[in-house]
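Enquirer: Sequence and computational prediction follow.
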Amino acid sequence: MIVKQISIFLENRRGRLAEVTQLLGDHKINIRAISLADTSDFGIVRLIVNDTEKAYTVLKSAGLTVNKNDVIAVEIPDEPGGLATVLNVLKAAGLNVEYLYGFLEKKTDKAIIIFRFDDMNEALRVLRESGISTISDQELSNL
Amino acid sequence: MKANIAQGFWDEKIECMDRKSMEALQTERLRDLVKRVYATVPFHQRRFAEHGVRPEDIKSLKDLARLPFMTKQDLRDTYPFGLFSRPMDEVVEIHSSSGTTGKPVVVGYTRNDLDLWATVMARTLRCGGVSEKDVVQNAYGYGLFTGGLGVHYGAQKIGASVVPISGGNSKRQIMIMQDFGTDALCCTPSYSLCLAEVAEEMGVDLRTMKLRVGFFGAEPWSESMRAEIEKKLGILALDIYGLTEIIGPGVASECPYRKGLHINEDHFLPEVIDSETGQVLPYGQEGELVITTLTKEAFPVIRFRTRDITVLDPEPCECGRTLVRMKRVTGRTDDMLIIRGVNVFPSQIEDVLVKIEGVAPHYLIVVDRKGTLDDIEIRVEVSEGNLADEVKKFEELERKIKNELESVLGISTKIKLVEPHAIERSMGKAVRVQDRRNLKED
């Protein structure tokens, strides 16, 4: 299942990330997962939040370059080799991962990995056929 | 574009005069001017003497070349009133340039000068079809800057309804535009884009408004920026030209054919010179624009070097005007940056940026010196609609800008992408260059 992630272009400058996360906090938006890709001048913050639409509106009206992107959330067992198993399946299918980041579920022994592939539909098909479970926006919000 | 090619002239007799009659008029006025300034301004008496020329030597337009040039420095050296050729009791208004690079320039106007100013500005606005039926929103700054009052006088002369809102207060500008049904907007080109941005934030679509024409000047702007303004505001964007030292706005203006700016040459006699040698260049050759004010009373100038680079074309325009046309000014010898020995104009950079998707036309050029080498960094705002979520896509964007700039400028630049609104918006003239090399020398 495809889920929505928020991505934000930020200048690499002191306190900028604090300002943006504060803005989300002030609007009672909870961050589930975050990843930051950066260069010396700028960075891209990627977020999974409990209310994507609201976060998008809040950030957009603050004048930021913000986007909603399609990603896939895969649930894996929180144990040694858990991620490798999934990546091996993807490797065998010849799928290329653009980026990924992960977080642990609080109440279970599972971890969730957020994936971005160059071919999202093919990735979904491969995961489904390999019996690897993906989770929905709804499920993510309720975690 | 909503505007049709507007018909009508303000001074048809002058604006469509044949060249021979125009030259006769200019000659008569030039001879009078030379006598006037010689009789009243010690500065001119001294300069004429230094160049071995007397007022009666000036018999034809060709003799103009015998007179010395005036530069901005002359105007500063005679600060504040040294070049006035009328007593202060005849001066009814005084304007001044900002003086950011030295002593300000001070210019005076008599009642007749103000009437002249209103006339040339009425011609300017009529060039874009403005009539007594129109609402003119004047967002040029009112005050010592000539933009505000110049437009004001011209619009009133036409009988249009002027809204003297001045610069700034962008939300209110948009509200007034909507509520008053503004027909014509006057401001700097960069401020018009700032207004478009604010309108978008307010959820207002400027393209659906009554607004049909804009008169933009006071800073150089590129054709690509014009396309951007016309797209975002849904108007006809016309370039107007003027400078404080001559009169303010009203020196020259575009008509809807936009094939150069019609110079009001019955009052402002243009020449183009080689800026190195001072040699007068024939029509069609690019060089520095030099202007002589033929009719101004309080503050006449003779052969004033504008530092603006242009080309003159004496052929009649499709609109019917025969006034000599000047090519749009996209660079000033003042704005020109010399980076590692290469001449760079901000307008060249702007032209490249406007064509690239994913960035907004807001930029700042920072020049610095690292050791002995000049370093040029261009800060560009990422557009709010940029869809990328990967670092490499932004890096590709940086590379693309860098490559295109390099092919245009011939030098390598550093590109720094910044967040939307990170570059300060100007209500008047946009600040495009930060030259830190100069700061260090001070």
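Expert: Received, thanks.

Enquirer: Spatially central residue for chain A, please.
Expert: The centroid of chain A falls nearest to residue A:114 when counting by CA atoms, centre = their mean (4.4 Å).

Enquirer: Is it located within a strand, as I assumed?
Expert: Yes. Counting by DSSP: H, G, I helix; E, B strand; the rest coil, residue A:114 is part of a strand.

Enquirer: Distance-wise, check it relative to chain B.
Expert: From residue A:114 across to chain B, the span is 12 Å (CB to the nearest CB, to the nearest Å). C-beta: built from backbone N, CA, C; applies to glycine.

Enquirer: For that residue, give the beta-bridge partners.
Expert: Beta-bridge partners recorded for residue A:114 (DSSP bridges): residue A:73, residue A:101.

Enquirer: That one and residue A:9, how far apart?
Expert: To residue A:9, residue A:114 is 18 Å away according to CB to CB, to the nearest Å.

Enquirer: what's the closest non-adjacent residue to the residue of chain A found nearest chain B?
Expert: Residue nearest to chain B within chain A: residue A:7 (3.8 Å; CB to the nearest CB). Of all residues not flanking residue A:7 in the chain, residue B:389 sits nearest, at 3.8 Å (CB to CB, 6 or more residues apart in numbering or on different chains).

Enquirer: Look at that neighbour and give its secondary structure.
Expert: Quick answer, by three-state DSSP: residue B:389 is coil.

Enquirer: Surely it and residue A:69 touch.
Expert: Yes. Applying CB atoms under 8 Å, one finds residue B:389 in contact with residue A:69, separated by 4.5 Å.

Enquirer: What is the burial count for the residue in the stretch 251-400 of chain B positioned nearest to chain A?
Expert: Taking CB to the nearest CB, chain A has its nearest neighbour within the stretch 251-400 of chain B at residue B:389, 3.8 Å off. Applying other CB atoms under 10 Å in any protein chain shown, we find 24 residues neighbouring residue B:389.

Enquirer: Let me know the pLDDT of it.
Expert: We have a pLDDT of 87 for residue B:389.

Enquirer: mind listing what it touches?
Expert: Residue B:389 makes contact with A:5, A:7, A:44, A:46, A:67, A:69, A:116, according to CB atoms under 8 Å, 6 or more residues apart in numbering or on different chains.

Enquirer: What is the burial count for the fifth one?
Expert: The one in question is residue A:67. Residue A:67 is flanked by 22 other residues according to other CB under 10 Å.

Enquirer: State the number of residues packed around residue 13.
Expert: With no chain named, the answer covers chain A. 14.

Enquirer: my question was about chain B
Expert: Around residue B:13 there are 9 residues (other CB under 10 Å).

Enquirer: So residue B:394 sits against residue A:7, correct?
Expert: No. With contact taken as CB under 8 Å, residue B:394 and residue A:7 are classed as non-touching, separated by 10.9 Å.

Enquirer: so where's chain A uncertain?
Expert: Chain A contains residues with pLDDT under 70 at A:143.

Enquirer: Quick check: buried residues in the strand ranked longest in chain B?
Expert: Ranked by residue count, the top strand of chain B under DSSP state E comes out as strand B:359-370. Along strand B:359-370, these residues count as buried under the neighbour rule (16 or more other CB atoms under 10 Å in any protein chain shown): B:359, B:360, B:361, B:362, B:363, B:364, B:365, B:367.

Enquirer: now stretch A:52-71
Expert: In terms of neighbour count (16+ other CB under 10 Å), stretch A:52-71 has its buried residues at A:52, A:55, A:56, A:58, A:59, A:64, A:65, A:66, A:67, A:69, A:71.

Enquirer: again, but for stretch B:381-397
Expert: Across stretch B:381-397, burial judged by 16+ other CB under 10 Å covers B:381, B:382, B:383, B:384, B:386, B:388, B:389, B:390, B:391, B:394, B:395, B:397.

Enquirer: cool, and stretch B:396-411?
Expert: B:397, B:398, B:400, B:401, B:405, B:409.

Enquirer: Mutual contacts of residue B:394 and residue A:7, please.
Expert: Common neighbours of residue B:394 and residue A:7 (criterion: CB under 8 Å, 6+ apart): A:44, B:388.

Enquirer: Near chain A, which residues of chain B are found?
Expert: For chain B, the contact set with chain A under CB under 8 Å from any CB of the partner chain comprises B:201, B:382-391, B:394-395, B:416-422.

Enquirer: try it again with 10 Å
Expert: For chain B, the contact set with chain A under CB under 10 Å from any CB of the partner chain comprises B:197, B:201, B:358, B:360, B:379, B:381-395, B:398, B:414-422.

Enquirer: before we move on, back to that, anything in contact with each of residue B:389 and residue A:69?
Expert: Shared contacts of residue B:389 and residue A:69, defined by CB atoms under 10 Å, 6 or more residues apart in numbering or on different chains, comprise A:5, A:6, A:7, A:46, A:116.

Enquirer: Report the two of these separated the most.
Expert: Longest distance between any two of the shared contacts of residue B:389 and residue A:69 is 12.9 Å, between A:6 and A:116; criterion CB to CB.

Enquirer: Between those two, tell me which one has more neighbours.
Expert: Legend: neighbour count by other CB under 10 Å for residue A:6 and residue A:116, higher for residue A:6 (24 against 20).

Enquirer: just how off-centre is the helix or strand where the more buried one lies within its chain?
Expert: In this structure, residue A:6 is located in strand A:2-11 according to DSSP states H and E. Distance of strand A:2-11 from its chain centroid, counting by CA atoms, centre = their mean, to the nearest Å, is 8 Å.

Enquirer: Where do the helices of chain B begin and end?
Expert: If DSSP state H is used as the criterion, the helices of chain B fall at B:12-15, B:19-40, B:42-50, B:72-77, B:111-127, B:146-158, B:170-180, B:189-201, B:223-233, B:346-354, B:391-409, B:436-441.

Enquirer: what is the mean pLDDT for the last one?
Expert: The average pLDDT for helix B:436-441 rounds to 59.

Enquirer: Likewise for the fourth one?
Expert: Mean per-residue pLDDT for helix B:72-77: 90.

Enquirer: any idea which of the helices of chain B is most buried?
Expert: By mean neighbour count, with neighbours taken as mean count of other CB atoms under 10 Å in any protein chain shown, helix B:146-158 ranks first of the helices of chain B at a mean of 25.
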